[in-house]
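# Curious how this folds, go ahead:
(one chain, ligands or ions: 1)
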Amino acid sequence: MNHDALPSELKSHDVAAAWSRFDAVQAGVEGLNAFLATDREAQSAGEGVLSGVPVAIKDNLATLGMPTTCGSRILEGYVSPFEATAVRKLREAGAVIIGKTNMDEFAMGSSNENSAYGPVRNPIDRERVPGGSSGGSAAAVASGVVRIALGSETGGSVRQPAAFCGIVGIKPTYGRVSRYGLVAYASSLDNVGVFGASVAEAALGLEVIAGHDPLDSTSANQPVTLLVPSPLIGGTAARPLSGLVIGRPREYFPDSLDPAIAAQCARALEQLTALGAEVRDVSLPSTDLAIPVYYIIAPAEASSNLARYDGVRFGMRAKAADLGPMYEGTRSHGFGAEVTRRILLGTYVLSAGYYDAYYKRAQAVRSLITREFAGVFASGVHLLFTPTAPTTAFRLGEVSDPYEMYLSDIFTVTANLAGVPAMSLPIGRVGGLPVGGQFMAPHFAEATMLKAAAALEHALGVEAHR
Ligand code: GLN
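Residues are numbered from 1 along each chain as shown. Take a look at the predicted model:
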């Protein structure tokens, strides 16, 4: 990382500033409820690029010294005996881990209303949701408590809250960051992701946590070259994106898209053209199958991963005279409604009678979606640009139908299904609420994506942010 590229705000954001901001926004009935645990004694454990920088961690990443609850009653008070690799790397780079952030239970949700510990409020408008499932981390960054935070992504849980809160969120290539110590939701889709107050800060966070880890056999042995070139940040090159081809997939701009969001995207695409990029219309025809495919595969894997919460090994245990009633009592009381729904759905699609009809078919369509991405990228397109979410942040309680909630993920789940890197950055506002623009890139092409995002961020100016 080129340190000249880092905003001076990061260099001056220390732990004392974080706590005074925390005290201002977290407490009281109007509080954000962004944190589930804090460590007031936390200090830098190493010297590095993040020396003294406060960082917040989503509560499904294992930490020593603070509970890891995944926003669930079933893990209330559970303290992990080991730490996630991503957290360890942050500490080694000097970061101060100040707390664990609220989230939808087991990362299942798009609004943070599924947390057993109450919803998180959007710092931009407290009547609205921050997005989910990493809503606490997004709110922590958007409120200025921290400038970098970790989240997790299975289908958009970093990008969508980043869009709703007006900050930057990166979902890396599957395998770019170790999942060791990330509590599993749907293992073939799960990633550790990063929030930043700016592209450079999110990129720095990613650079610190990326890399192969012997403790995660799916982590990739790829060089970590995620630098954001400083001339872009300084804006000295006139047409810094010359030679870059950016695809505009038509399926992500349906006629039904909110015209105000479409207009913000059009403005961003004009800026990208002015920066030297060529914008090309492309097609990813199977996009409309992504939501049904995701909501078969993710619950299927979740039903298997969450079988381990049986009252024996982790967290809470219901009192019962016998083993069967103990399992039943623990799981019935420990899991909330959405998690229970997903476990039932996942068990159903994996059952002998329905496996071929649902799970196997969903896997075949997943391959098709992956091939469509590969085809577009092989045709000379370097990046894709789309809206991050179909709406701006909605009101708390506004979306009560689970299927309607699933539709918030329509533009984000595809990157998880294909395993490609993607990110959201603020591109403007509609009705006072932030709008996110999404870049997607070929596997391990984070550097290209970050370069374009940094240029766009600079061209749009800071008013797009806050
Ligand atoms: N909203 C999606 C879901 O509920 C994505 C969640 C995530 O990325 N963890 O599954």
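
# Return the set of buried residues in the longest helix along the chain.
Longest helix of the chain, by residue count under DSSP state H: helix 361-378. Neighbour-count burial for helix 361-378 flags 361-362, 365-366, 369-370, 372-373, 376-377 (criterion: 16 or more other CB atoms under 10 Å). C-beta here means a position set from N, CA and C on the backbone, and glycine is covered the same way.

# By proximity to the ligand, which residue of the stretch 201-350 of the chain wins?
Per CB to the nearest ligand atom, A298 is where the stretch 201-350 of the chain lies closest to the ligand, at 5.3 Å.

# which secondary structure element contains that residue?
Taking DSSP states H and E as the definition, one finds A298 inside helix 290-305.

# thinking in terms of the whole chain, how far from its middle is that helix?
17 Å (CA atoms, centre = their mean, to the nearest Å).

# Need the CA coordinates for it. PDB is fine.
Provided in PDB are the C-alpha atoms of helix 290-305 (Å, rounded to 0.1, in the frame of the first residue of the first chain):
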ATOM      1  CA  ALA A 290     -29.700 -15.800  -9.100                       C
ATOM      2  CA  ILE A 291     -32.100 -15.200  -6.200                       C
ATOM      3  CA  PRO A 292     -33.900 -18.600  -6.400                       C
ATOM      4  CA  VAL A 293     -30.500 -20.300  -6.800                       C
ATOM      5  CA  TYR A 294     -28.900 -18.500  -3.900                       C
ATOM      6  CA  TYR A 295     -31.900 -19.100  -1.600                       C
ATOM      7  CA  ILE A 296     -31.600 -22.900  -2.300                       C
ATOM      8  CA  ILE A 297     -27.800 -23.200  -2.000                       C
ATOM      9  CA  ALA A 298     -27.300 -20.900   1.000                       C
ATOM     10  CA  PRO A 299     -30.000 -22.500   3.200                       C
ATOM     11  CA  ALA A 300     -28.800 -26.000   2.100                       C
ATOM     12  CA  GLU A 301     -25.300 -25.300   3.300                       C
ATOM     13  CA  ALA A 302     -26.600 -23.400   6.400                       C
ATOM     14  CA  SER A 303     -28.800 -26.300   7.500                       C
ATOM     15  CA  SER A 304     -25.700 -28.500   7.500                       C
ATOM     16  CA  ASN A 305     -23.400 -25.900   9.100                       C
END
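
# who does the longest helix of the chain touch, helix- and strand-wise?
helix 290-305, helix 413-418 (3 or more CB pairs under 8 Å, 6 or more residues apart in numbering; DSSP states H and E).

# Now render the ones you listed as CSV, adding distance to G329 and mean pLDDT.
As requested, those are exported to CSV (distance: least, CB to CB, whole Å; pLDDT from 0 to 100):
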stretch, distance to G329, mean pLDDT
helix 290-305, 19, 98
helix 413-418, 34, 98
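
# Identify, out of those helices, the most deeply packed stretch.
Most buried of the helices and strands packed on helix 361-378, by mean neighbour count (mean count of other CB atoms under 10 Å): helix 413-418, with a mean of 28.

# what does that one contact?
153-156, 171, 174, 189, 191, 284, 287, 290-291, 293-294, 297, 366, 369-370, 373-374, 421-422, 440 (CB atoms under 8 Å, 6 or more residues apart in numbering).

# I'd say the residue of the stretch 201-350 of the chain closest to the ligand and R342 touch.
Yes - counting by CB atoms under 8 Å, A298 does reach R342; the two are 7.4 Å apart.

# Can you pull the residues of the stretch 101-250 of the chain lying near the ligand?
Neighbours of the ligand within the stretch 101-250 of the chain, by CB under 6 Å from any ligand atom: 107-110, 133, 152-157, 185.

# can I get these in a markdown table with secondary structure?
Formatted as a markdown table, these follow (DSSP: H, G, I helix; E, B strand; the rest coil):
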| residue | secondary structure |
| --- | --- |
| A107 | helix |
| M108 | coil |
| G109 | coil |
| S110 | coil |
| S133 | coil |
| S152 | strand |
| E153 | strand |
| T154 | coil |
| G155 | coil |
| G156 | coil |
| S157 | coil |
| Y185 | coil |
